[in-house]
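S.K.: test case, fold it:
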Amino acid sequence: MLDLVICVLAVTASIATGLYMAYRKGASKTSSQFFLAGRKLGWPLVGASLFATNIGAEHLVGLSGDSYRYGLSAGAVELTTVLCLGIACALLFPYYIRARVYTIPEFLELRYNRTARLFFSGLMLAICIMTKLAFHLYAGALVLHSLLGWDVMPMVVLMGTCVAIITIIGGFTAVAYTDSIQTAIMIAGCSLVLIIGLGKVGGWHALIERMPLSMHIAKGYDDPNYPFLGIILSALYSGVFYWGMDQVNVQRVLGARDIREARYGAMFATLLKLSPIFIFALPGVIAAALFPGRDPKTTFVTLLNELLPAGVRGLVLAALICALIGSSLSVMNSLSTLVVRDFLLGFRKNASERIQVTMGRITILLSTPFAVAAAYLIYTTPDGLYKYLQAISIYLVMPVTPAIFFGIVSRRMTFHGAVASAISGTLLASLFVSDQLMGARGAQLFPFLHWKLTTNYTYRGLWGGLVTIAVLFIISYLTKPPELAQVKGLTVDWHSHSAPFEGLSDWRLQWSLLALATIAIYAWLW
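M.R.: Purely as a prediction, here's the structure:
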């Protein structure tokens with residue numbers, strides 16, 4: 001009973017605060033308020049919302065489960081955020097904010113044309129539903145099923161409905177404030193799991209003695225699951241997309257007051273992202289030491305039921321529900337933004353603020369059944385949840401990452417090059433996904449995808465990304481370049497001087513310190 005009371009109080013307080021702040025700030029009065037919180041967010045809200053958007057229930061469930069099975073190498077990707085957000089802050093965020101766009105597809109229309117905007121927006125809608133919202137709902141339902149005994153799919157439906165209602169009422173303002181409170185709950189609750197778990201196993205050195213192979217973050221290049229080289233390289237395309245081009249994440253940045261607050265918020269999120277390897281992945285290794293032979297998918301539930309005392313269990317369960325709610329709220333809000341700004345306004349350019357907000361709410365309502373259907377597909381997969389999420393995410397972003405990134409850093413990229421690269425990337429992604437779904441049959445049909453440097457999803461994404469980049473450059477240089485006036489202010493001017501150093505408040509200094517901290521953690525766990 002104590003656990004239930006603590007859990008309900010923590011979750012209810014965070015949601016109530018978010019909805020109250022949404023009401024106080026008039027979150028539904030205008031489209032700017034509903035979709036971007038009026039562009040008035042300070043860096044703490046931006047950073048906390050970025051972190052909460054990234055950390056869904058699949059992290060608590062999937063990352064701990066994969067760490068139980070594969071060791072700390074499953075969490076190696078979590079430390080690549082410093083690289084990805086550093087690139088985004090330097091080369092991407094300034095141009096989004098300067099253009100005052102609501103969505104990344106809207107920026108693509110300015111850089112290329114409306115066709116590029118519609119294609120990317122459609123792809124982002126698929127990504128949001130298939131690899132974000134569905135995973136969040138399924139992972140949360142899996143744990144609640146283990147705790148309460150309820151069937152998984154009815155739980156998915158129930159949670160999807162509840163999250164949709166909260167988003168419909170509060171908009172992005174409710175999302176941002178709810179995320180901030182729930183971030184604190186997640187970090188506090190999961191930190192207690194780590195502390196108690198280390199105590200039970202006898203401390204850090206005792207854990208190393210009992211699980212020597214699992215305590216190394218870097219696996220060989222030919223590791224079939226989490227090769228360190230592949231993970232680092234994947235950050236250069238999948239990670240940069242995720243943190244710098246993915247509408248769900250970048251929407252937090254677009255809600256910032258200015259580029260300074262956006263960059264500070266990104267650095268705050270980077271600081272918070274140093275924690276998952278310890279508070280999500282390491283408890284999975286602790287569970288493997290204390291409770292060997294269990295089903296990896298039940299790792300989080302095992303920790304919850306057999307390791308934690310009453311009271312603490314309620315806080316950690318609240319952390320799970322907060323992760324589920326926070327990430328799902330963010331995705332639903334972004335879904336509504338994409339549909340309204342990229343599609344509705346294309347047909348009704350003079351749609352009133354009220355109509356835009358109403359359509360945003362209808363979009364949230366209609367997207368929920370699709371997310372539930374996608375969750376059912378995940379429910380039937382035999383692979384590790386976290387690994388499956390990483391793989392599908394890389395394949396889906398491969399077709400568009402080069403066109404966006406190089407479209408900003410180079411004036412020479414053309415629309416024809418972007419189209420050709422998107423088509424080639426889509427064909428390659430389809431090949432990779434088909435092979436993964438076919439299992440052993442795929443190895444017979446596509447033997448070249450099952451060599452040491454092509455089997456793992458990180459390497460496949462790398463080779464596919466390189467091919468897509470090559471197509472982009474070749475076709476762009478074979479076609480007429482865009483007029484200078486068309487790309488002015490939308491691409492990097494490499495001849496301009498960098499901004500003067502601002503001392504301790506300079507985001508570049510903050511990034512350098514975070515980069516050193518990341519390298520130190522990698523070296524420590526190597």
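
S.K.: work out which residue lies at the spatial centre of the protein.
M.R.: In the chain, the centroid-proximal residue (C-alpha atoms, centre = their mean) is N54; its distance is 4.0 Å.

S.K.: and the pLDDT for that residue?
M.R.: For N54, the pLDDT comes out at 85.

S.K.: and it, what is it in contact with?
M.R.: Contacts for N54 (C-beta atoms under 8 Å, 6 or more residues apart in numbering) come out as 249, 269, 273, 327. For glycine as for every other residue, the C-beta is placed from the backbone atoms N, C-alpha and C.

S.K.: separation between the first one and Y477?
M.R.: Taking C-beta to C-beta, to the nearest Å as the measure, N249 falls 31 Å from Y477.

S.K.: next: the second one.
M.R.: Distance of A269 to Y477, computed by C-beta to C-beta: 36 Å.

S.K.: more neighbours: the two, which one.
M.R.: More crowded of A269 and Y477, by other C-beta atoms under 10 Å: A269, with 26 against 12.

S.K.: where does the chain have its least confident helix or strand?
M.R.: For the chain, counting by mean pLDDT, DSSP states H and E, helix 385-397 ranks last in confidence among helices and strands (a mean of 65).

S.K.: report the distance from the helix or strand following that helix to the chain centre.
M.R.: Downstream of helix 385-397, the first helix or strand assigned by DSSP states H and E is helix 401-409. Its chain's C-alpha centre and that of helix 401-409 lie 19 Å apart, by C-alpha atoms, centre = their mean, to the nearest Å.

S.K.: same check, this time on stretch 233-250
M.R.: On the basis of C-alpha atoms, centre = their mean, stretch 233-250 sits 8 Å off its chain's mean C-alpha point.

S.K.: can you give me the mean pLDDT across it?
M.R.: 86.

S.K.: next: stretch 205-222.
M.R.: On average, stretch 205-222 scores 91.

S.K.: quick one: the strands in the stretch 401-526 of the chain?
M.R.: Assigned by DSSP state E, counting those that start in this stretch, the stretch 401-526 of the chain shows no strands.

S.K.: and the stretch 51-200 of the chain, by the same measure?
M.R.: In the stretch 51-200 of the chain, no segments count as strands under DSSP E, counting those that start in this stretch.

S.K.: so where's it uncertain?
M.R.: In the predicted model of the stretch 51-200 of the chain, residues 57-58, 143, 147-148 satisfy pLDDT under 70.

S.K.: repeat the analysis, applying 90 as the threshold.
M.R.: Applying pLDDT under 90 to the stretch 51-200 of the chain flags the ranges 52-66, 77, 99, 105, 108-109, 113-190.

S.K.: contact partners for the nearest residue to A418 once chain neighbours are set aside?
M.R.: Leaving aside its sequence neighbours, A418 sits nearest to A403 (C-beta to C-beta, 6 or more residues apart in numbering; 3.8 Å). By C-beta under 8 Å, 6+ apart, A403 lies in contact with 108, 112, 116, 413, 417-418, 421-422, 472.

S.K.: now with 7 Å, please.
M.R.: For A403, the contact set (C-beta atoms under 7 Å, 6 or more residues apart in numbering) comprises 418, 421-422, 472.

S.K.: before we move on, what about T491?
M.R.: 408, 410-411 are the contacts of T491 under C-beta under 7 Å, 6+ apart.

S.K.: tell me the pLDDT of it.
M.R.: Per-residue confidence (pLDDT) for T491: 89.

S.K.: P296 now?
M.R.: Model confidence at P296 (pLDDT) stands at 86.

S.K.: hang on, it packs against R69?
M.R.: Yes - assessed by C-beta atoms under 7 Å, P296 is found in contact with R69 at 4.3 Å.

S.K.: that older thread, for I87, see how far away the residue nearest to the centre of the chain is.
M.R.: N54 sits 16 Å away from I87, going by C-beta to C-beta.

S.K.: equivalent analysis for F135, please.
M.R.: With distances taken as C-beta to C-beta, F135 is found 25 Å from I87.

S.K.: of those two, who's got more company?
M.R.: Shown here are F135 and I87; by other C-beta under 10 Å, F135 has more neighbours (29 against 19).

S.K.: wait, doesn't the more buried one sit right on Y379?
M.R.: No - assessed by C-beta under 7 Å, F135 is found out of contact with Y379, at 10.9 Å.

S.K.: tell me the two of the contacts of A403 that are most distant?
M.R.: Across these, the longest distance by C-beta to C-beta is 8.8 Å; it joins A422 and L472.

S.K.: looking at the two, which one has more neighbours?
M.R.: The neighbour count for A422 versus L472, taken as other C-beta under 10 Å, is higher for L472 (28 against 23).

S.K.: what is the neighbour count of the closest residue to that one other than its chain neighbours?
M.R.: Distance criterion C-beta to C-beta, 6+ apart; nearest residue to L472, sequence neighbours excluded, is S421 at 3.7 Å. Neighbour count of S421, defined by other C-beta under 10 Å: 28.

S.K.: quick one: distance of the helix or strand that V316 is a member of to the chain centre.
M.R.: Applying DSSP H and E as the criterion places V316 in helix 312-338. Centroid separation between helix 312-338 and its chain, computed with C-alpha atoms, centre = their mean, is 12 Å.

S.K.: what pLDDT, on average, does it get?
M.R.: In this model, helix 312-338 has a mean pLDDT of 81.

S.K.: again with stretch 31-50
M.R.: Averaged across stretch 31-50, pLDDT comes to 86.

S.K.: buried ones in it?
M.R.: For stretch 31-50, a neighbour-count test (16 or more other C-beta atoms under 10 Å) marks 31-41, 43, 45-50 as buried.

S.K.: what's the lengthiest helix in the chain packed up against?
M.R.: As assigned by DSSP state H, the longest helix anywhere in the chain is helix 152-201. Applying 3 or more C-beta pairs under 7 Å, 6 or more residues apart in numbering; DSSP states H and E, one finds that helix 152-201 contacts helix 2-24, helix 31-36, helix 43-54, helix 134-148, helix 204-210, helix 282-290, helix 312-338, helix 353-379.

S.K.: where in the stretch 401-526 of the chain is pLDDT low?
M.R.: The stretch 401-526 of the chain contains residues with pLDDT under 90 at 401, 422, 425-465, 482-505.

S.K.: change it to 80
M.R.: Low-confidence segments of the stretch 401-526 of the chain, defined by pLDDT under 80: 433-445, 452, 455, 457, 496-497.

S.K.: hmm, A318 and G189 touching each other?
M.R.: Yes - using C-beta under 7 Å, G189 makes contact with A318 at a distance of 6.3 Å.
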